[in-house]
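Q: Here is a sequence together with a model predicted from it:
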Amino acid sequence: MNNWAGNITYGTQAIDEAATVDAVRDGVKAHERMKVLGTRHSFNRIADSADRLVAVTGLDDVSIDAEAKTVTAGAGVTYGRLAPVLHEQGWALHNLASLPHISVAGSISTGTHGSGETNGSLASAVSGIEFVRAGGELERLSRARDGGTFTGAVVGLGALGVLTRVTLDIQPAYLMRQHVYEGMPLAELTQHFDAIQASGYSVSVFWDWQDSRVNAVWIKTRADAATPFDAPALFHGATRAARNLHPIAELSAEHCTEQLGAVGPWHERLPHFRMGFMPSAGRELQSEYFVPRRNAVDAILAVEALKDRIGPHLFITEIRAIAADDLWMSPAYGRDSIAIHFTWKPEMEAVSRLLPAIERALAPYEARPHWGKLFTVAPATLRSIYPRLPEFVALATRYDPRGTFRNAFLNEHIFNAAAGAPPPTR
């Protein structure tokens with residue numbers, strides 16, 4: 001079995017299908033080592049196992065608590081399934097990722113995010129989690145009750161147990177529109193970066209680094225915004241698009257959510273891609289790095305200096321803002337951030353050579369890699385840029401003392417990093 005992108009073949013074909021929480025508990029008690037598969041949208045081996053895998057896509061229950069303003073979803077539920085259910089009942093989430101095909105549980109476990117300078121990562125909406133511990137016990141943690149244990153466990157990287165249900169904050173449903181602008185001069189982007197990011201509820205900059213003009217800026221605004229975006233014909237030197245566009249110019253916009261200012265439900269505008277259609281390029285590789293918001297322009301220009309090396313292997317880069325959160329292993333922990341995302345052509349050898357150069361360019365800004373995407377950052381560096389990593393290891397060891405849910409990826413990047421790196425600087 002492979003991951004979604006096809007670049008990873010899992011280390012075992014021993015896969016259990018769990019349709020109930022009790023089935024998960026029985027599976028955990030029966031095996032010494034295991035990892036969890038959801039929608040298989042990770043690009044590295046964070047979910048891999050040489051022993052046994054459990055697929056939780058069958059855990060697909062959804063329950064709305066209108067009084068508490070929360071929704072609880074099974075670990076197999078995707079945002080594409082959850083969002084329409086919420087909208088039909090008059091509710092919404094604060095944000096969504098670029099594609100709705102990914103599971104709620106997998107997304108929050110790796111710190112996945114959407115966009116918006118006042119919007120936290122998808123995990124920042126989590127108010128409760130339920131997971132199966134290494135002995136088969138069912139554990140429940142909540143934001144209201146469990147303090148630091150909760151903030152340590154939400155972005156759990158699959159290290160604490162098998163996530164079975166997630167409870168999210170919800171809010172009244174809202175309508176949105178999105179406009180796309182083409183050909184923004186790089187000088188305008190760098191000189192007015194803050195104003196551009198503040199122009200919408202969710203803003204994405206797409207660029208292939210090969211021109212002094214960025215390819216496109218996607219501006220998503222709420223219809224109920226106190227200060228509406230008036231969608232001028234020219235925006236910081238960019239031209240308002242007259243047709244729907246795909247982030248990768250060569251691909252069909254049929255796959256993308258509606259643009260041109262058409263008003264629609266929040267879940268049909270916040271993602272870039274439509275459920276039921278191929279997201280992004282399909283066969284691709286991805287990597288992503290979070291840098292402090294204050295260093296955004298310097299970091300962008302540092303990567304731009306590598307454009308001749310990057311260009312031949314890249315489909316597109318997306319640059320987005322994410323608000324700080326307090327979740328220990330979130331790439332946005334403790335700092336407002338800008339994420340620089342690379343969608344690569346399926347050329348693993350070439351991309352593997354490029355990543356160290358990009359990471360060196362971003363090292364002065366303590367760039368944190370996305371946990372579910374490709375990176376080569378050394379374990380010692382991970383400890384220095386994730387200051388709560390040693391505490392996270394202690395938490396994971398408390399819930400999983402015999403290492404049932406560890407694998408080679410977690411041992412290298414998390415457990416060995418905590419044991420062998422120098423103390424973090426704060």
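A: Right, received. Where do you want to start?
Q: For the stretch 151-300 of the chain, which segments count as strands?
A: For the stretch 151-300 of the chain, the strands defined by DSSP state E, counting those that start in this stretch occupy 162-169, 171-172, 175-185, 202-207, 213-222, 234-235, 238-240, 264-265, 285-292.
Q: what would those look like in a markdown table with mean neighbour count and mean pLDDT?
A: Yep, even glycine has a C-beta here, placed from its N, CA and C like the rest. Output for the strands of the stretch 151-300 of the chain, formatted as a markdown table (neighbours: other C-beta atoms under 10 Å; pLDDT from 0 to 100):
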| stretch | mean neighbour count | mean pLDDT |
| --- | --- | --- |
| strand 162-169 | 24 | 98 |
| strand 171-172 | 11 | 98 |
| strand 175-185 | 21 | 98 |
| strand 202-207 | 24 | 97 |
| strand 213-222 | 23 | 97 |
| strand 234-235 | 15 | 98 |
| strand 238-240 | 17 | 98 |
| strand 264-265 | 16 | 97 |
| strand 285-292 | 24 | 98 |
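Q: Indicate which one of these is closest to residue 112.
A: strand 285-292 (9.4 Å; C-beta to C-beta).
Q: what pairs with the closest one, and is each one parallel or antiparallel?
A: strand 337-344 (antiparallel), strand 368-369 (antiparallel) (DSSP bridges).
Q: for the stretch 201-350 of the chain, which spans come out with low pLDDT?
A: For the stretch 201-350 of the chain, the stretches with pLDDT under 70 are 276-282.
Q: number of nearby residues for residue 2?
A: Using other C-beta atoms under 10 Å, residue 2 has 10 other residues around it.
Q: Give me the distance between the nearest residue to it once chain neighbours are set aside and residue 318.
A: Once flanking residues are discounted, residue 2 sits nearest to residue 9: 5.4 Å by C-beta to C-beta, 6 or more residues apart in numbering. Residue 9 sits 27 Å away from residue 318, going by C-beta to C-beta, to the nearest Å.
Q: most packed of the strands paired with strand 285-292?
A: Stretch with highest mean neighbour count among the strands paired with strand 285-292: strand 368-369 (a mean of 26; mean count of other C-beta atoms under 10 Å).
Q: Could you check how far it is from the centre of its chain?
A: Centroid separation between strand 368-369 and its chain, computed with C-alpha atoms, centre = their mean, to the nearest Å, is 12 Å.
Q: ditto for stretch 353-360
A: Worked out by C-alpha atoms, centre = their mean, stretch 353-360 lies 21 Å from the chain centre.
Q: and residue 37, which of the strands of the stretch 151-300 of the chain is closest to it?
A: From the strands of the stretch 151-300 of the chain, taking C-beta to C-beta, the stretch that ends up closest is strand 162-169, at 10.6 Å.
Q: in whichever strand or helix holds residue 409, what's buried?
A: Element membership of residue 409, judged by DSSP states H and E, is helix 408-410. The neighbour-count check on helix 408-410 (16 or more other C-beta atoms under 10 Å) flags 409-410 as buried.
Q: ok, now stretch 261-269?
A: By 16+ other C-beta under 10 Å, the buried positions in stretch 261-269 come out as 265-269.
Q: ok, now which ones touch the spatially closest residue to residue 289 that is not a sequence neighbour?
A: If the residues on either side of it in the chain are set aside, residue 289 comes closest to residue 367, at 4.0 Å by C-beta to C-beta, 6+ apart. Residue 367 sits next to 289-291, 299, 340, 359, 385 when contact means C-beta atoms under 8 Å, 6 or more residues apart in numbering.
Q: can you count the residues close to residue 232?
A: 11.
Q: Hmm, residue 238 and it touching each other?
A: No. Between residue 232 and residue 238 there is no contact under C-beta atoms under 8 Å: 10.0 Å.
Q: where do the contact lists of those two overlap?
A: Common neighbours of residue 232 and residue 238 (C-beta under 8 Å, 6+ apart) do not exist.
Q: Tell me where this structure has helices.
A: 21-30, 79-88, 104-109, 143-153, 186-191, 193-197, 296-304, 307-310, 348-362, 379-385, 389-399, 408-410, 416-420 (DSSP state H).
Q: Quick check on the residue nearest to residue 289: phi, psi?
A: phi -70, psi 130 (degrees, to the nearest 10).
Q: how close does it get to residue 375?
A: For residue 367, the distance to residue 375 (C-beta to C-beta) stands at 9 Å.
Q: Give me the pLDDT for residue 420.
A: With respect to pLDDT, residue 420 scores 56.
Q: cool, and the one 4 residues further on?
A: As predicted, residue 424 sits at a pLDDT of 37.
Q: What of residue 135?
A: pLDDT for residue 135: 93.
Q: out of everything not next to it in sequence, what's closest to it?
A: Ranked by C-beta to C-beta, 6+ apart and with sequence neighbours excluded, the top spatial neighbour of residue 135 is residue 29, at 7.1 Å.
Q: Same check on residue 57?
A: residue 76 is the one closest to residue 57 (C-beta to C-beta, 6+ apart), at 3.9 Å.
Q: measure the one you found to residue 32 for me?
A: Between residue 76 and residue 32 the computed distance is 24 Å (C-beta to C-beta).
Q: These two: which is more packed in?
A: residue 76 (23 against 11).
Q: pretty sure the more buried one contacts residue 54?
A: No. Contact criterion C-beta under 8 Å: residue 76 and residue 54 do not qualify, at 11.1 Å.
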